[in-house]
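Undergrad: fold the following and give me the result.
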Amino acid sequence: MARTALVVGTSGIVGSATAALLIEQGWTVHGLARRPSDQPGVHPVAADLTDAAGTAAALKDLAPDAVFVSTWSRQATEAENIRVNGAMVRNLLDGLRPAKSVRHVALVTGLKHYLGPFEAYGKGVLPQTPFREEQGRLEVENFYYAQEDEVFAAADRDGFNWSVHRPHTVIGKAVGNAMNMGTTLAAYATLCRETGRPFRFPGSAAQWNGLTDMTDARQLAAQLVWATTTPEAANQDFNIVNGDVFRWSWMWSRIAEWFGIEAAPFDGTVVPLEEQMADDAVVWQRIAEREGLVEADLTRLASPWHTDADLGRPIEVVTDMGKSRRMGFTRYQPTDDAFFDLFAQLRADRLIP
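TA: Numbering: from 1, shown residues only. A predicted model of the protein is given here:
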């Protein structure tokens, strides 16, 4: 395969990590976003994927060999999620069709494939954990399935290979991202240290006591590139997590220690971050001004609603990685190190004090 890539959503957690890895490996990388960020080595492409004609115009001079799709647009209902996000993938692949260059499309979805969409999250009859790829789709409408169907249809039409990648909660850096637990917890710990409030686990007893796993963005990026360049991985779906499991009852104190605070005891009460952080914008602005941080808008760093959804689940969630491991993807990333690496990067980039 030639080595020209289009990374869709390059300003996000997954897209930026994928672009960085591709550049490190010598690829030519084009990065598509509505408002492309300045990323070293990435050729920016500005496009709104909901605009079919505008997308086609933005892509007319590109001929990528591989396409990495790691973006979505949150809507008010799952029906709208399906309509909008399915159209975004369709517009993207239709816009690339005239060049006839695409050999592989890698689509990033997630564990809502098994857990259901936000409107039915963790409810009803769910597959047994650990989640395995052969468990298939739930009997519920889900925008992930709509995105997959658009990729499958275009692959049948245009003759390229595909892969689908299902991470658990992703740890990585991206400002303004709608699903960002790592940076949300960093901001929350900083606010607790500033105000003297207890660093309280916001979620459920099931999450506090049960086993879970997560996905470092660098781990996901490595699997994306591996699947794109490994013939045996063509036209397959893959779970992707770090490879370890942990309990939040252990991880919470590890995070607290990194920030120099104590973890509050957990009494089983759910106290959502969305409530705990509701009035913290002014406090964060004060911290940012005093410490010379580059982002004074807390809403650009923290997404409490999404962290609450993950940490408030009433069930234990662990993920099987056997499928890709059998094919040769054996990379491993300890999750506490993933958090600590992120926190150190946020501090070095003056996003947290």
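
Undergrad: show me the shaky parts of the chain.
TA: 1-2, 118-125, 176-178 (pLDDT under 70).

Undergrad: so what's the spatially most central residue of it bridging to?
TA: The centroid of the chain falls nearest to residue 170 when counting by CA atoms, centre = their mean (4.5 Å). When bridges are called by DSSP bridges, residue 170 pairs up with residue 215.

Undergrad: Provide a list of residues in contact with it.
TA: By CB atoms under 8 Å, 6 or more residues apart in numbering, residue 170 lies in contact with 13, 14, 179, 181, 214, 215, 216, 217, 220. All C-beta spots, glycine's among them, are computed from the backbone N, C-alpha and C.

Undergrad: which of those residues are buried?
TA: Buried by 16 or more other CB atoms under 10 Å: 13, 14, 179, 181, 214, 215, 216, 217, 220, out of the contacts of residue 170.

Undergrad: and which of the residues you listed is nearest to residue 279?
TA: residue 181 (20.9 Å; CB to CB).

Undergrad: what's the closest non-adjacent residue to that closest one?
TA: residue 307 (4.8 Å; CB to CB, 6 or more residues apart in numbering).

Undergrad: so how far is residue 179 from that neighbour?
TA: Separation of residue 307 from residue 179 (CB to CB, to the nearest Å): 9 Å.

Undergrad: can you check residue 87 too?
TA: 20 Å.

Undergrad: then residue 66?
TA: The value you get for residue 66 to residue 179, if CB to CB is used, is 24 Å.

Undergrad: where along the stretch 251-353 of the chain do the helices fall?
TA: Ranges of helices in the stretch 251-353 of the chain, per DSSP state H, counting those that start in this stretch, are 273-276, 281-291, 304-311, 322-326, 335-348.

Undergrad: tell me what the fourth one is packed against?
TA: It stands for helix 322-326. helix 217-229, strand 236-240 (3 or more CB pairs under 8 Å, 6 or more residues apart in numbering; DSSP states H and E).

Undergrad: out of those, which is closest to residue 136?
TA: Across these, closest to residue 136 is strand 236-240 (CB to CB), at 9.4 Å.

Undergrad: rewinding a little: nearest to residue 189, of the buried ones among the contacts of residue 170?
TA: residue 181 (12.2 Å).

Undergrad: touching, the closest one and residue 305? I think so.
TA: No - under the criterion of CB atoms under 8 Å, residue 181 is not in contact with residue 305, lying 11.1 Å apart.
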